[in-house]
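Engineer: below: sequence and its predicted model.
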Amino acid sequence: MLGSTSCSKDDDDDNDNQNNNNEVVNNPTDEEDKKETAKYNFFGAELYSNETFTYGKFEVKMKMAYASGCISSMFLYYNDSYKGNGEVWNEIDIEVIGKEPNGFQSNLITGKLESKVTSEMIHKIASPVADNFHIYTIEWTPDYVAWYLDDKEIRRSDASSDTKKQVAKLVKPQSLRFNIWSSENTEWVGSLYQKYIPITQEIDYIKVYDYNEDGTFTEKWTDDFDSFDSKRWSKGNWNMGIVRERQDNVVVEDGILKLKLTKELK
């Protein structure tokens, strides 16, 4: 995969959708909205851990964001993956994408920048993911990677049966990351429309567990976001797809960490 508030005043439609991500369930098609979208610059957000991990359990209670063109994510990522020139790529994803309001995508990415190996899967749930908070969990061990939703295992990739050998290739220390952004790949996520912005991904808490050699996990720390801990976390400030990730778009409000996708007139 690899700002505080919007700097423009939003119209009534935008305010209606700011706290009701579940209302955004259909991709608009009117040409007038596309013309309006061209008037704006868009800004996303990324939170990433200063610490890196080699194996562990990562549990997060959050309300993912949904809108056409938007990606809302939780992922583990080897920080040098992007460099190319023979550097390996290691990544484990949970993503809510703009063409799938009733579910999320899991993925492993290995290989290299020039030749990535992926294994995307879409997992349907009963209601739009942006309706409520859910508990998302990734377990990463030398033997398997597993994804959970509300303590129910949704997918497992075992090293013993992984035909692409991706689990065995996840050997690099990875940071824990969350971001909200928009891709230029409209076939994957749909087109981004200004009338659905601003939109917010909300994180209630994050728990990180160490992996033990006997296959168990031991809780290492919990962040309830009573404040922003700059010793534990950093904020992204780079381009991601068609948005610029902005540090001011990562905020803590009333015990919730929020990642915001915003817009400004050009």
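Structural biologist: It's in.
Engineer: and the helices in the stretch 51-200 of the chain?
Structural biologist: Using DSSP state H, counting those that start in this stretch, the helices of the stretch 51-200 of the chain run over 166-169, 186-189.
Engineer: winner for burial among these?
Structural biologist: helix 166-169 (a mean of 19; mean count of other Cβ atoms under 10 Å). Bear in mind the C-beta positions are built from the backbone N, C-alpha and C, glycine included.
Engineer: just the mean pLDDT for that helix, thanks.
Structural biologist: Averaged over helix 166-169, pLDDT sits at 98.
Engineer: before we move on, what about stretch 69-87?
Structural biologist: Rounded mean pLDDT across stretch 69-87 is 97.
Engineer: in it, which residues are buried?
Structural biologist: Burial within stretch 69-87, assessed by neighbour count using 16 or more other Cβ atoms under 10 Å, is assigned to G69, C70, I71, S72, S73, M74, F75, L76, Y77, Y78, S81.
Engineer: find the residue at the geometric middle of the protein.
Structural biologist: S73 (1.1 Å; Cα atoms, centre = their mean).
Engineer: in space, what's closest to it - neighbours in sequence excluded?
Structural biologist: E95 (4.5 Å; Cβ to Cβ, 6 or more residues apart in numbering).
Engineer: any idea how far that neighbour is from E114?
Structural biologist: To E114, E95 is 22 Å away according to Cβ to Cβ, to the nearest Å.
Engineer: could you look up the SS state of D248?
Structural biologist: What DSSP: H, G, I helix; E, B strand; the rest coil gives for D248 is helix.
Engineer: just so I know, which of the helices of the stretch 51-200 of the chain lies nearest E32?
Structural biologist: helix 186-189 (18.1 Å; Cβ to Cβ).
Engineer: related to what we said a few turns ago, contacting residues for the residue nearest to the centre of the chain?
Structural biologist: Residues near S73 by Cβ atoms under 8 Å, 6 or more residues apart in numbering: M1, D93, I94, E95, V96, R177, F178, N179, I180.
Engineer: tell me the one among those nearest to A159.
Structural biologist: Closest to A159, out of all of those and judged by Cβ to Cβ, is D93, at 18.2 Å.
Engineer: does that closest one really touch F75, like I thought?
Structural biologist: Yes. Under the criterion of Cβ atoms under 8 Å, D93 makes contact with F75 at 4.5 Å.
Engineer: doesn't G103 make contact with the residue nearest to S73?
Structural biologist: No. With contact defined as Cβ under 8 Å, E95 does not count as touching G103 (10.3 Å).
Engineer: more neighbours: which of those two?
Structural biologist: E95 (21 against 17; other Cβ atoms under 10 Å).
Engineer: state the pLDDT value of that one.
Structural biologist: 98.
Engineer: for it, give the beta-bridge partners.
Structural biologist: On the basis of DSSP bridges, E95 is bridged to S73, Q105.
Engineer: tell me how far the residue nearest to the centre of the chain lies from L176.
Structural biologist: 11 Å.
Engineer: could you do I256 as well?
Structural biologist: Between I256 and L176 the distance is 18 Å, computed by Cβ to Cβ.
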